[in-house]
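Peer 1: Structural data only, the sequence is not supplied:
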């Protein structure tokens, strides 16, 4: 039992780019329908060959657990290795930026007989290639970024800019036109990154250099710059783009009363404690784009859309608001009509799946769903079935085509988590 639990945890840590908070283990085990005592988890983490706990030995819910391995990548050139116990793989493939592709002299075959035997002997055969690369990147010093040889030799003619920080501020000398480093660049960077500073006119003689954008490299490529974008809401407050904002609705507002009416239609005896509107511009933009795509696919007909209910655990509110619904995270209560995200016409149906951590209080989403053209679902479906050779796939599946009460959506862009109802 402990071995199976350890494998499940180790794989999920590697999937999470090699590290995970201890508190997240419970959710992993819950999704895998496994229940173990904390003492079992602590015993598993005592295996220092597979796990390391960052910043101290005392394990707390926010303690960061890192996956470890002794497996390494061979540093010899092809044909020069006289026999070793290291992987024969291209280091740049693992780092995500081998520009030679199939013409590379180093192996790109993780599944070769030689590499497979080493992976199996290390007990890592259950990892995907992506998970294995995450693990290697954080354990093998050989895979760390190269140091510029010109910089090491003190060559100041190198075309690259060298800095201990991932950015550099410079000002141009008006006479020589040379770029000169700014001494207080950390304070400038702090001011530049503060969205409250609305005016950022740098002029023509100031420049900011940085490492490449994170969107131009694989997500496990290190030392990139992650750009954050902001938008100004109706209250002139800067909100990070792609991050959700939950706005409480006044009980006297028309919007609140409309949500209340939908909910009370089948939940007359329940008391609504609060209703929040979810504001996530990036999810809304993709939702509207998907609506246009469905309309074009269905010959220009208006898209059938409904406000539907989805009961969930309180701990999943923020992930859903930020990243939308994911049936792998939400759909753990059955897949009778397909492997997708489930929504109900009646709040009373979704109530059985609502959970809260504050006494008898529960939470429920009201989602804006593009159901489009639908058909009856079945448990084997991983996407909607085909309509015909000309119309493509259906847009969703239901329990009953003549009077549907349960809708299954396979494409998350057809969903927008619009409201959160807190009730008891």
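Peer 2: Arrived safely. What you see is a predicted model; the values in this text were computed from it and never measured.
Peer 1: all helices of the stretch 251-400 of the chain, in order?
Peer 2: Listed in chain order, the helices of the stretch 251-400 of the chain (DSSP state H, counting those that start in this stretch) span 254-264, 281-297, 317-323, 327-330, 347-351.
Peer 1: got the phi/psi numbers for residue 121?
Peer 2: The phi/psi pair for residue 121 (degrees, to the nearest 10) reads phi -60, psi -30.
Peer 1: burial measure for it, as a count.
Peer 2: Residue 121 has 11 neighbouring residues, counting by other Cβ atoms under 10 Å. C-betas here are computed from N, CA, C, even on glycine.
Peer 1: I'd like the distance between the closest residue to residue 366 other than its chain neighbours and residue 276.
Peer 2: Sequence neighbours aside, residue 419 is the residue nearest to residue 366 in space, at 4.0 Å (criterion: Cβ to Cβ, 6 or more residues apart in numbering). Per Cβ to Cβ, to the nearest Å, residue 419 is found 7 Å from residue 276.
Peer 1: center of the protein - which residue?
Peer 2: Centroid-nearest residue in the chain, with Cα atoms, centre = their mean: residue 323, separated by 7.2 Å.
Peer 1: And it, how far from residue 77?
Peer 2: Taking Cβ to Cβ as the measure, residue 323 falls 43 Å from residue 77.
Peer 1: Repeat that for residue 289.
Peer 2: Applying Cβ to Cβ to residue 289 and residue 77 gives a distance of 49 Å.
Peer 1: swap in residue 388?
Peer 2: Here residue 388 is placed at a distance of 57 Å from residue 77 (Cβ to Cβ).
Peer 1: So those two - more neighbours on which side?
Peer 2: Higher neighbour count among residue 388 and residue 77: residue 77, with 9 against 6, using other Cβ under 10 Å.
Peer 1: separation between the most far-flung residue of the chain relative to its centre and residue 8?
Peer 2: Most distant from the centre of the chain: residue 175, at 48.8 Å, with distances by Cα atoms, centre = their mean. The gap separating residue 175 from residue 8 is 65 Å, by Cβ to Cβ.
Peer 1: now do residue 318
Peer 2: For residue 318, the distance to residue 8 (Cβ to Cβ) stands at 24 Å.
Peer 1: Look at the two and report which has more neighbours.
Peer 2: Neighbour totals were compared for residue 318 and residue 8, and residue 8 leads with 17 against 12 (other Cβ under 10 Å).
Peer 1: burial measure for the closest residue to that one other than its chain neighbours, as a count.
Peer 2: Nearest non-adjacent residue to residue 8, counting by Cβ to Cβ, 6+ apart: residue 32, 5.4 Å away. Counted with other Cβ under 10 Å, residues neighbouring residue 32 total 14.
Peer 1: and what of residue 125?
Peer 2: Residues within reach of residue 125, counting by other Cβ under 10 Å, total 11.
Peer 1: and it, what is it in contact with?
Peer 2: Residue 125 makes contact with 116, 119, according to Cβ atoms under 8 Å, 6 or more residues apart in numbering.
Peer 1: Pretty sure it sits in a strand.
Peer 2: No: per DSSP: H, G, I helix; E, B strand; the rest coil, residue 125 lies outside any strand segment and is coil.
Peer 1: how much space between it and residue 71?
Peer 2: In terms of Cβ to Cβ, residue 125 sits 12 Å off from residue 71.
Peer 1: got any residues that touch both of these two?
Peer 2: With contacts taken as Cβ under 8 Å, 6+ apart, residue 125 and residue 71 have residue 119 as neighbours in common.
Peer 1: Could you check the pLDDT of residue 10?
Peer 2: The confidence metric pLDDT takes the value 87 at residue 10.
Peer 1: what residue ranges in the stretch 301-424 of the chain score low on pLDDT?
Peer 2: 328-334, 357-359, 389-391 (pLDDT under 70).
Peer 1: What ranges does it have for its strands?
Peer 2: 305-311, 341-344, 362-370, 374-376, 386-388, 392-393, 396-398, 406-409, 415-423 (DSSP state E, counting those that start in this stretch).
Peer 1: Of the ones you listed, which is nearest residue 27?
Peer 2: strand 362-370 (16.6 Å; Cβ to Cβ).
Peer 1: distance between stretch 288-298 and the chain's centre?
Peer 2: 25 Å (Cα atoms, centre = their mean, to the nearest Å).
Peer 1: Only the buried residues of that stretch, if you could.
Peer 2: 290-291, 294, 297-298 (16 or more other Cβ atoms under 10 Å).
Peer 1: Also stretch 253-273?
Peer 2: 256, 259-260, 262-263, 266-267, 270, 272.
Peer 1: Pull the most distant pair out of these.
Peer 2: Using Cβ to Cβ, these span at most 18.1 Å, a distance reached by 256 and 266.
Peer 1: so how far is stretch 252-268 off the chain centroid?
Peer 2: Averaging C-alpha positions (Cα atoms, centre = their mean) puts stretch 252-268 33 Å from its chain's average.
Peer 1: Good, we can wrap up now.
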